[in-house]
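S.K.: 3D, please:
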Amino acid sequence: MSLNLADLFEAVVDEIPDRTALVCGDERRTFSQLDQRANRLAHALISRGIRAGEHVGIHMRNSVQFVEGMLACLKIRAVPVNINYRYTETELTYLYNNSQVVAVVADGEFLPVIEAALPSCPALSTLVTFGPAGNAETPAVTHVDFDESLAGQPATRGFAARSDDDHFIIYTGGTTGMPKGVVWRHEDFFMAALAGGNHNGAPFTDSRDLAAAAAANANRMTFILPAPLMHGAAVYSVFSGFFSGAKQVLMRAFDPVEALRLIQDEQASCITVVGDAMARPLADAIARLGSSYDLSSLMMVSSGGALWSRSSKDQLLELMPNLFLRDGFGASESGVDGTLETDADGNMRVVGNPNMSVVDEKLRPIEPGSGELGYIARSGHVPLGYFNDPDKTAQTFPVIDGVRMSILGDMGRVEPDGSIVLLGRGSVCINTGGEKVFPEEVEAAIKSHPAVMDAVVAGLPHERYGEQVSAVIQLREGVADIDTDDVAEHCRVSIAGYKVPRSIVVVPAIVRSPAGKADYRWARTVVAEAVGA
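M.R.: Predicted coordinates:
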């Protein structure tokens, strides 16, 4: 029995070698082709001195090479580390050093910022670049071309035995501070982040059973993955797709019209989005151009990693009533924690995972129906902690009565029936006159206005109330201007008066991460400057 990610992948490959596994742009790989190229790269890494347990950065946009690099690391028991390709030299230097990477697999386009950081990263000795790399000349660092490194290397496996205790690290930026590396055991990652290879039933406990189920999947599902693989949610999706035997189509960058073409040409059954940041443009594209494409194969839109508002879901269902919408709830620190469902009162409830609970500030379970707010927590298969950060590990992954838990930043309450209502991120909660306001609820109310495309809500200092609710909004294409008082009045229909934004600033475009996460610090700055002006 093995629940090591590389062993699980290879077991699936052996069952369905000729099935298409991955598509990105003009490149396509069957399961066996992907496996063989990952084997070649894995042997190349060994030849460069990379050993089990060492960390290797993957600094790339979405591509088949990104996946090959990640698989190659896992095959030799090295630890792949996701690198945010938008980072500046300062941020990159911190991440390279904090993660202790000894090698980096990178797109050539990022070489200028990488080389600027290298002199301050003494542990990094090998740089494997894909695509044009220019004149790469950094003393003490060996430069290797990705494709050239595969030449002469065996396509067969022949690697050392692996363990369920091998590590997998996902770096997460969060909403504040420098990025932190979440350290997972492979078995825990498989069970928590990948639902044990089965999001609709009992988890698999043996690689042979998982592979047999993937082979028996006659539906030949095809998933479109627009989100960047440098973020945890997209990595979850890639492995889940592999372990279900699906064909996966990566997008180098999200473009809603290109997504429609891919759905048609690849006959995709599911597209995975990151909340409203992708779902709303996708719905608008369907409204404008959907009749020009054959979208009949699309059965599901799945979301994870960011807020997906009711208004955005309703728009999709109006356009395509037969769609199944899956709103996933989870985090890099806990995996896939269930799904979000909206009840009759408009509350977002976390369902489908018995390992979830709500705890108070002393980490005691909150009684159902008490009305008390607390932090949503997960037990069972959870990460070991943050890499090289024992203090933050103790805060987020405490051991209570011998059980390691993951304490999420999301706040919630427990209803009398034991279900959990999600309120929002505690770190960005706004306290106005003693009332707690969660930005996600206000953002959903704002985005239900027909003229609003996107919104981010943040608190501004207020002399009397401590903080006041403020918002930055982006208008839909074709809407030239709007009376912000009209937006505020629109919100009063669905949220209490104290939650309605007192200051609303219109901007050309909302700033979000490539994964669709809101930048609350940016929003506070924009509103503060506008109010000050």
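S.K.: ranges for the strands of the stretch 351-500 of the chain?
M.R.: 356-359, 374-378, 385-386, 399-400, 403-404, 406-414, 420-425, 430-432, 435-437, 452-462, 466-475 (DSSP state E, counting those that start in this stretch).
S.K.: Identify the residue nearest residue 353 in space, chain neighbours excluded?
M.R.: residue 338 (3.9 Å; C-beta to C-beta, 6 or more residues apart in numbering). (C-beta placed from N, C-alpha, C; glycine too.)
S.K.: Per-residue confidence, the one you found, what does it come out as?
M.R.: pLDDT for residue 338: 93.
S.K.: Would it be right to say that it lies in a strand?
M.R.: Yes: Residue 338 sits within a strand when classified using DSSP: H, G, I helix; E, B strand; the rest coil.
S.K.: ok, back up a step: is it possible to export the strands of the stretch 351-500 of the chain to JSON lines including mean pLDDT, distance to residue 179 and mean neighbour count?
M.R.: As requested, the strands of the stretch 351-500 of the chain are arranged in JSON lines below (pLDDT from 0 to 100; distance: least, C-beta to C-beta, whole Å; neighbours: other C-beta atoms under 10 Å):
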{"stretch": "strand 356-359", "mean pLDDT": "94", "distance to residue 179": "25", "mean neighbour count": "20"}
{"stretch": "strand 374-378", "mean pLDDT": "95", "distance to residue 179": "21", "mean neighbour count": "24"}
{"stretch": "strand 385-386", "mean pLDDT": "97", "distance to residue 179": "10", "mean neighbour count": "22"}
{"stretch": "strand 399-400", "mean pLDDT": "90", "distance to residue 179": "24", "mean neighbour count": "12"}
{"stretch": "strand 403-404", "mean pLDDT": "90", "distance to residue 179": "22", "mean neighbour count": "14"}
{"stretch": "strand 406-414", "mean pLDDT": "91", "distance to residue 179": "15", "mean neighbour count": "22"}
{"stretch": "strand 420-425", "mean pLDDT": "88", "distance to residue 179": "17", "mean neighbour count": "22"}
{"stretch": "strand 430-432", "mean pLDDT": "87", "distance to residue 179": "25", "mean neighbour count": "18"}
{"stretch": "strand 435-437", "mean pLDDT": "84", "distance to residue 179": "28", "mean neighbour count": "18"}
{"stretch": "strand 452-462", "mean pLDDT": "92", "distance to residue 179": "21", "mean neighbour count": "22"}
{"stretch": "strand 466-475", "mean pLDDT": "94", "distance to residue 179": "24", "mean neighbour count": "22"}
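S.K.: so can I have JSON lines of those showing distance to residue 169?
M.R.: Below are the strands of the stretch 351-500 of the chain laid out as JSON lines (distance: least, C-beta to C-beta, whole Å):
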{"stretch": "strand 356-359", "distance to residue 169": "24"}
{"stretch": "strand 374-378", "distance to residue 169": "18"}
{"stretch": "strand 385-386", "distance to residue 169": "10"}
{"stretch": "strand 399-400", "distance to residue 169": "20"}
{"stretch": "strand 403-404", "distance to residue 169": "17"}
{"stretch": "strand 406-414", "distance to residue 169": "15"}
{"stretch": "strand 420-425", "distance to residue 169": "23"}
{"stretch": "strand 430-432", "distance to residue 169": "33"}
{"stretch": "strand 435-437", "distance to residue 169": "34"}
{"stretch": "strand 452-462", "distance to residue 169": "29"}
{"stretch": "strand 466-475", "distance to residue 169": "33"}
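S.K.: what's the closest of those strands to residue 98?
M.R.: Checking the strands of the stretch 351-500 of the chain against residue 98 by C-beta to C-beta gives strand 385-386 as the closest, at 10.0 Å.
S.K.: quick one on the thing from earlier: how many neighbours does the residue nearest to residue 353 have?
M.R.: 22 (other C-beta atoms under 10 Å).
S.K.: Give the bridge partners for it, please.
M.R.: residue 329 (DSSP bridges).
S.K.: Look up how far residue 414 lies from it.
M.R.: 14 Å (C-beta to C-beta, to the nearest Å).
S.K.: now residue 392
M.R.: 26 Å.
S.K.: Next: residue 158.
M.R.: 52 Å.
S.K.: Equivalent analysis for residue 479, please.
M.R.: 41 Å.
S.K.: do residue 261 as well
M.R.: Distance from residue 261 to residue 414, by C-beta to C-beta: 45 Å.
S.K.: for residue 273, same thing?
M.R.: Counting by C-beta to C-beta, the gap from residue 273 to residue 414 is 29 Å.
S.K.: do the same with residue 193
M.R.: On the measure of C-beta to C-beta, residue 193 and residue 414 end up 24 Å apart.
S.K.: Residue 441 now?
M.R.: Distance from residue 441 to residue 414, by C-beta to C-beta: 18 Å.
S.K.: swap in residue 233?
M.R.: 26 Å.
S.K.: same deal with residue 36?
M.R.: 50 Å.
S.K.: same question, residue 370
M.R.: 7 Å.
S.K.: do residue 448 as well
M.R.: Distance from residue 448 to residue 414, by C-beta to C-beta: 27 Å.
S.K.: Name the helix or strand for residue 214, please.
M.R.: In the assignment (DSSP states H and E), residue 214 maps to helix 207-216.
S.K.: just how off-centre is the helix or strand just after that helix within its chain?
M.R.: With elements assigned by DSSP H and E, the helix or strand that comes after helix 207-216 is strand 222-225. Strand 222-225 has its C-alpha centroid displaced from the chain centroid by 15 Å (C-alpha atoms, centre = their mean, to the nearest Å).
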